[in-house]
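> Got a sequence here, can you build the structure:
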Amino acid sequence: MEQGTKAEGALPIGNEEALALIRKIENGEKPSLIILYDRTSRLLFGLVLRILGDRALAEETLLDVYTYIWKQSASYNPRIPALEWLMAIARARAVAMLHWTKPDKARLERRAGMQDLAMTVAPEQQILSRASIEALIPTQREILEWVYFSGLSCSEIAAQVGKPLGVIKTHSRLGLIKLSEQKP
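Numbers count the residues shown, from 1 in each chain. A predicted model of the protein is given here:
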């Protein structure tokens, strides 16, 4: 590899390329699964690790994600952007693992920190998403992070943070409304 070039896994992948790979996987082309893994594993691993908070569990879950993609690629709905579908699978598998392993409170604590945008997929979308999330009031942002990354229900979050259930539901609904109003 030439000095100064990015590793294959660090290059961003677009929805069109991801879709083409998913279609090839649907036809049983194993090399396409390897390429999809190489181009998306950093993104999916980062999400899974943030949800689970445990590297070993995240690695196990990531393997489960790609096994699911291999077996269920025919279930892909082309109306959903391919990267969103992959992220949804990763999140669902991580939340299932979170519930399966019944983690202690320390694993549920949110982890802060920015990833190096050069090492992620779709950095422009990530910048826009982060700006939209930062535009939320802190309470809405915190509750939406709890909902998305912890896999807990609103009533479980209310118990964890010591707030009434109605407050949690209202802040999450208002936060989602504000996010949906943001320009893509």
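> so Arg79, which of the three states?
coil (DSSP: H, G, I helix; E, B strand; the rest coil).
> Look up phi and psi at it.
Main-chain dihedrals, Arg79, degrees, to the nearest 10: phi -70, psi -20.
> Tell me how many other residues surround it.
6 (other C-beta atoms under 10 Å). Heads up, the C-betas are built off the backbone N, CA and C, glycines and all.
> Now for it: which residues touch it?
Counting by C-beta atoms under 8 Å, 6 or more residues apart in numbering, Arg79 makes contact with nothing.
> Go again with 10 Å.
Neighbour list for Arg79: Trp85 [criterion: C-beta atoms under 10 Å, 6 or more residues apart in numbering].
> Pull up the gap between it and Arg130, please.
26 Å (C-beta to C-beta, to the nearest Å).
> how about low-confidence regions in the protein?
Along the chain, the model assigns pLDDT under 70 to residues 1-12, 102-123, 183-184.
> which parts of the lengthiest helix in the chain are buried?
If you go by DSSP state H, the chain has its longest helix at helix 30-52. Within helix 30-52, the residues that qualify as buried by neighbour count (16 or more other C-beta atoms under 10 Å) are 32-33, 35-37, 39-52.
> do the same with stretch 62-71
Buried, per 16+ other C-beta under 10 Å, within stretch 62-71: Leu62, Asp64, Val65, Tyr66, Ile69, Trp70.
> how near is the nearest residue to Ala18 once chain neighbours are set aside to Tyr148?
Taking C-beta to C-beta, 6 or more residues apart in numbering, and ignoring the residues beside it in sequence, Ala18 has Ala82 as its nearest neighbour in space, at 3.6 Å. Using C-beta to C-beta, we find Ala82 at a distance of 20 Å from Tyr148.
> Repeat that for Arg55.
For Arg55 relative to Tyr148 (C-beta to C-beta), the value is 20 Å.
> who's more crowded, those two?
Tyr148 (15 against 11).
> for the more buried one, what are its contacts?
For Tyr148, the contacting residues are Leu47, Arg50, Ile51, Arg91, Val95, Arg110, Ser172, by C-beta under 10 Å, 6+ apart.
> Which strand or helix spans it?
According to DSSP states H and E, Tyr148 maps onto helix 138-150.
> what's the domain layout of the chain?
Using automatic domain parsing, the domains assigned to the chain come out as 10-103, 122-184.
> Sketch out the strands for this protein, chain order is fine.
With DSSP state E, there are no strands along the chain.
> okay but Leu144 is in contact with Leu179, surely?
Yes. When contacts are counted by C-beta atoms under 10 Å, Leu144 is listed as touching Leu179 (7.8 Å).
> okay, and the common contacts of the two?
Contacts common to Leu144 and Leu179, judged by C-beta under 10 Å, 6+ apart, are Ile133, Leu136.
> Name the residue in the two with the higher neighbour count.
Neighbour count, other C-beta under 10 Å: between Leu144 and Leu179, Leu144 has more, with 19 against 16.
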